[in-house]
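**Student:** A predicted structure for the sequence below; I have some questions about it.
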Amino acid sequence: MTARIDMGLDSGGNPVAVDLEELLATRLLVQGNSGSGKSHLLRRLLEGSAGYVQQVVVDPEGDFVSLSEAFGHIAVDAAEYSLTELARLALRVREHRASVVLNLEGLEIDGQMRAAAAFLSALFDAPREHWYPVLTVVDEAQLFAPAAAGEVTEEARRTSLAAMTNLMCRGRKRGLAGVIATQRLAKLAKNVAAEASNFLMGRTFLDIDMARAADLLGMDRRQADTIRDLARGEFLALGPAITRRPISVRIGAVQTGSKAVSPKLTPLPTAPTQDMRDMLFA
């Protein structure tokens, strides 16, 4: 079975599609600063492929839980389960080929790393007879595969990084197709990022991230400056599942929504100062 997922339009108004079977074999890296449309892109990919392949989403902000209403994904609140229970649940996910969203929103970053590691490791360790294809999406991947030690415990960092490395480096033979998204390429472990063969690079401002994005896209430094000028929802695409030459893609509309919204100006209250004081100190 072949499937091509419509992602949007290129600069000439032509449709741009992702070859799903090729993507399962070659993995995908999405990069873009906050507000670039990265989560919107992931949602477009997930919605378009939901009817073709099992999906597992590691969701640190709870943004993708809405997929459960429209597409039948099972939302799993990681804060309600122990690490052992999460691992057991992951094994059942592979056995029964259920699409799930692992919602990590209720946990601190250390707990998020441990929960994601337990779940991903169990997906990886599933029995051979359950190695069905799974599109495995990890949002904010720099949290789970950090390039350097941070404020979390060393044990949590090592466990999470090992699970992400297995997903991206060794997961393909076990049916796990990694799709990772990050705000900062420079903060993402290089051995995890290097395993992706497909790239969708959004708006980026920091020189170090632009340089890494340009290197992955095969662009020189002069061309790299164009990454700064990308509009929200516009990405540079390259890879065997998308295109053999870098092209610009404006991501199309989605069906489901995220609870995250862009800040918008709203009128300030007009209550007199004394009334406001009374309300504050009542």
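**Tutor:** Received the coordinates, thanks.

**Student:** Report the buried residues of the helix or strand harbouring L89.
**Tutor:** Assigned by DSSP states H and E, L89 belongs to helix 83-96. With burial defined by 16 or more other CB atoms under 10 Å, the residues of helix 83-96 counted as buried are 83, 86-87, 89-91, 93-94. The way it works is simple: take the backbone N, C-alpha and C, and place the C-beta from them, glycine included.

**Student:** tell me which helix or strand of the protein sits lowest on mean pLDDT?
**Tutor:** The least trusted helix or strand in the chain, going by mean pLDDT, DSSP states H and E, turns out to be helix 221-224, with a mean of 64.

**Student:** Convert the C-alpha atoms of stretch 227-238 to CSV, please.
**Tutor:** The C-alpha atoms that make up stretch 227-238 are tabulated as CSV, following Å, rounded to 0.1, in the frame of the first residue of the first chain:
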residue,chain,number,x,y,z
ILE,A,227,15.9,30.7,7.0
ARG,A,228,15.5,33.9,9.0
ASP,A,229,13.0,35.3,6.4
LEU,A,230,10.6,32.3,6.4
ALA,A,231,7.0,33.2,7.3
ARG,A,232,5.1,31.4,10.0
GLY,A,233,4.0,28.1,8.7
GLU,A,234,6.6,28.0,5.9
PHE,A,235,9.4,25.4,5.9
LEU,A,236,12.3,24.4,3.7
ALA,A,237,11.9,20.7,2.8
LEU,A,238,14.5,18.1,1.8
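
**Student:** any residues touching that stretch, and which ones?
**Tutor:** By CB atoms under 8 Å, 6 or more residues apart in numbering, the residues outside stretch 227-238 that reach it are 7, 16, 30, 32, 35-37, 40-41, 198-205, 210, 213-214, 216-218, 226, 243-251.

**Student:** Go through the residues you listed and flag which are in strands.
**Tutor:** Among those, the members found in strands (DSSP state E) are 7, 16, 30, 198-201, 243-251.

**Student:** PyMOL command for the buried members of those residues?
**Tutor:** Typed into PyMOL, the next command selects the buried ones out of the ones in strands among the contacts of stretch 227-238 (criterion: 16+ other CB under 10 Å):
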select buried, resi 7+16+30+198+199+200+201+243+246+247+248+249+250+251
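
**Student:** nearest to Q112, of the ones in strands among the contacts of stretch 227-238?
**Tutor:** Proximity of the ones in strands among the contacts of stretch 227-238 to Q112 was ranked by CB to CB; the top entry is V30 with 19.2 Å.

**Student:** right, and the secondary structure at the nearest residue to that closest one once chain neighbours are set aside would be what?
**Tutor:** In space, and not counting its chain neighbours, V30 is closest to A181: 4.0 Å by CB to CB, 6 or more residues apart in numbering. What DSSP: H, G, I helix; E, B strand; the rest coil gives for A181 is strand.

**Student:** these two touch, right, A181 and T136?
**Tutor:** No. If you go by CB atoms under 8 Å, A181 and T136 don't touch, sitting 12.0 Å apart.

**Student:** from what I can see N198 touches L28, true?
**Tutor:** Yes. Between N198 and L28 a contact is recorded at 4.4 Å, counting by CB under 8 Å.

**Student:** any shared contact partners between the two?
**Tutor:** Shared between the contact lists of N198 and L28 (criterion: CB under 8 Å, 6+ apart) are residues 239, 241.

**Student:** Count the residues that sit near the residue nearest to V30.
**Tutor:** Counted with other CB atoms under 10 Å, the burial measure for A181 works out to 22 neighbours.

**Student:** Beta-bridge partners for the residue lying closest to L167 once chain neighbours are set aside, please?
**Tutor:** The shortest distance from L167 to any residue other than its chain neighbours is 4.7 Å, reached at G178 (CB to CB, 6+ apart). With DSSP bridges applied, the residues forming beta bridges to G178 are T136.
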